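J.: how would this look folded up:
(one chain, ligands or ions: 1)
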Amino acid sequence: MLKNDLLLRAARGEETERTPVWLMRQAGRILPEYRALRGRLSGFKELVETPELAAEVTIQPVDALDVDAAIIFSDILVVPEAMGLTYEMVEARGPLFPETIKTAQDVARMRVADPEEHLGYVLEAIRVTKRALGGRVPLIGFAGAPWTILAYMVEGHGSKTFSKARRMLYTNPELAHELLDKITRTTITYLQAQIEAGANIVQVFDSWAGILPPDHYQQFSARYIAAICDAMPAGVPVTVFAKGAWFAVQDFAHFNCRTIGLDWNEDPRLVRAAIGHEKTLQGNLDPCALYGSREQVQTATIEMLRRFGPQRHIANLGHGVYPDTDPDNVRVFINTVKEFSTLAREG
Ligand code: CP3
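T.: The predicted model follows:
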């Protein structure tokens, strides 16, 4: 039993007494208590792979910020690792794959991972977190979209263009599909296992959606996300967040998902007009708006709430919170959502 189920009700399209709010990438980075714990460890992976520690940092933002959901502390890159491609998290630089996918043999070597066997530490972190949360707020599970995962597996690290990964879509589309299929199969059983372990809602992050042209997005990303949505158990809401993929929003409107995440380039009024009222929308304050003064944060947040309207909205940023954001401004954002959306309903 959940004490606060606002997020789930909003996702299902039920009326809520105020707009629920959480932040992508709320766990870690901006919180001093995260940095303190992280500083005592060998690195990011120790945190991700130790269920008690992952649970602790998952709950930190619930305590510190009073958000309406927790998101399990992990990373999208645990999936390629489970398939046989290990990653490193380089301090102050980001992820690095010492080996990358180049040939048919490389793809053949990748396994369709078994969630309990290869990702058991995430599932255990979910179980520990659920117990420790005691029903205070829902727990969000997540995975990367197959295209975004392929992009890291082929490129080997972050990039502005991901041109090695994008090159494969032109030069060897069959191989790309073979890899996307293995990633999709892994992701489906992984998300199903997260739900079994206690995740109340799952989000698919397609962080590199916006670098594909619309036809490639259809062929190499959207259809695999659709397959993931179709495979989720009825009653557990799915959120699709495809950054930069404004051109695909009308397709998402027909997916088996409850919520569509919008980045800050998208105007929620236009999206509503285009897709109707069947889906809940999530987002989309510009993360840089949180660098402003307290008053500027309030004004920008209220303006965002007005654009979405009171119902069928989960307030969030348009992408993950940036590490150098003042947690006090994050609190202003959260409190403004809570106060203004309550008042707006009272008329
Ligand atoms: O609070 C949460 O949202 C939960 C945890 C979470 C992390 N990564 C922890 C993390 C989530 C949901 C992710 C998702 C993720 N990881 C995405 C999709 C969302 C997005 O931002 O587009 C992507 C693309 C990654 C890959 C990744 N992981 C990158 C590019 C980096 C380096 C840059 C960065 O964001 O810091 C990471 C590292 C990472 N993942 C950190 C955290 C807290 C920082 C590392 C540290 O603390 O040492």
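J.: use CA for all of it now, contacts and neighbours both
T.: OK.
J.: Would you mind measuring from residue 346 to residue 310?
T.: 11 Å (C-alpha to C-alpha, to the nearest Å).
J.: who has more neighbours, those two?
T.: Using other C-alpha atoms under 10 Å as the criterion, residue 346 and residue 310 rank with residue 310 on top: 19 against 9.
J.: State the pLDDT value of that one.
T.: pLDDT, residue 310: 94.
J.: Name the helix or strand for it, please.
T.: In the assignment (DSSP states H and E), residue 310 maps to no helix and no strand.
J.: Identify the residue spatially nearest to the residue of the chain found nearest the ligand, adjacent ones excluded.
T.: Among the residues of the chain, residue 25 lies nearest to the ligand; the distance is 2.9 Å by C-alpha to the nearest ligand atom. Nearest in space to residue 25, with sequence neighbours left out and distances taken as C-alpha to C-alpha, 6 or more residues apart in numbering, is residue 320 at 4.8 Å.
J.: wait, residue 90 sits on residue 45?
T.: No. Residue 90 lies out of contact with residue 45 (C-alpha atoms under 8 Å); the separation is 10.4 Å.
J.: Compare the two (neighbour count), which wins?
T.: residue 45 (16 against 11).
J.: Quick check: phi and psi on that one?
T.: phi -70, psi -30 (degrees, to the nearest 10).
J.: and it, how far is that from residue 51?
T.: 11 Å.
J.: One more: residue 85?
T.: Relative to residue 51, and taking C-alpha to C-alpha, residue 85 is found at 21 Å.
J.: With residue 81 instead?
T.: Distance from residue 81 to residue 51, by C-alpha to C-alpha: 17 Å.
J.: likewise residue 238?
T.: Look at residue 238 and residue 51: by C-alpha to C-alpha, they are 24 Å apart.
J.: of those two, who's got more company?
T.: Counted by other C-alpha under 10 Å, residue 238 and residue 51 do not tie: residue 238 has more neighbours, with 28 against 22.
J.: I'd assumed residue 252 was in contact with that one.
T.: No. Judged on C-alpha under 8 Å, residue 238 makes no contact with residue 252 at a distance of 11.3 Å.
J.: burial of the residue of the chain closest to the ligand, as a residue count?
T.: 18.
J.: which parts of the strand or helix carrying residue 147 are buried?
T.: If you go by DSSP H and E, residue 147 is part of helix 146-155. Neighbour-count burial for helix 146-155 flags 146, 147, 148, 149, 150, 151, 152, 153, 154, 155 (criterion: 16 or more other C-alpha atoms under 10 Å).
J.: Could you pull up the residues touching residue 127?
T.: 197, 198 (C-alpha atoms under 8 Å, 6 or more residues apart in numbering).
J.: Could you tell me which residues of the stretch 1-150 of the chain lie near the ligand?
T.: 24-29, 44, 71-76, 94-95 (C-alpha under 6 Å from any ligand atom).
J.: And those residues, which of them are buried?
T.: 24, 25, 26, 27, 28, 29, 44, 71, 72, 73, 74, 95.
J.: how would you label the fifth one: helix, strand or coil?
T.: What it means is residue 28. coil (DSSP: H, G, I helix; E, B strand; the rest coil).
J.: In three-state terms, label the nearest residue to it once chain neighbours are set aside for me.
T.: Spatially, and ignoring its direct neighbours in sequence, residue 28 is nearest to residue 34 (5.0 Å; C-alpha to C-alpha, 6+ apart). Put simply, residue 34 is helix when judged by three-state DSSP.
J.: ok, residue 34 - contacts?
T.: Counted by C-alpha under 8 Å, 6+ apart, residue 34 has contacts 27, 28, 57, 60.
J.: just the residues you listed: which has the poorest pLDDT?
T.: residue 28 (83).
J.: can you pull the contacts of that residue?
T.: With C-alpha under 8 Å, 6+ apart, residue 28 has these contacts: 34, 35, 57.
J.: Find the nearest non-adjacent residue to residue 194, please.
T.: residue 123 (5.9 Å).
J.: Let me see the contact set for the one you found.
T.: 116, 193, 194, 197.
J.: Give me the pLDDT value at it.
T.: 98.
J.: where's the host helix or strand of it relative to the chain centroid, distance-wise?
T.: Residue 123 belongs to helix 120-133 when assigned by DSSP H and E. Centroid separation for helix 120-133 versus its chain: 18 Å, with C-alpha atoms, centre = their mean, to the nearest Å.
J.: again with stretch 127-141
T.: Between the centre of stretch 127-141 and the centre of its chain there are 17 Å (C-alpha atoms, centre = their mean).
J.: and what of stretch 44-55?
T.: With C-alpha atoms, centre = their mean, you get 18 Å for stretch 44-55.
J.: same check, this time on stretch 196-209
T.: 6 Å.
J.: Could you pull up the mean pLDDT of it?
T.: Stretch 196-209 comes out at a mean pLDDT of 98.
J.: Residues contacting that stretch, please?
T.: Residues outside stretch 196-209 that contact it (C-alpha under 8 Å, 6+ apart) are 8, 123-124, 126-127, 130, 138-148, 151, 191, 195, 217, 221, 225, 236-245.
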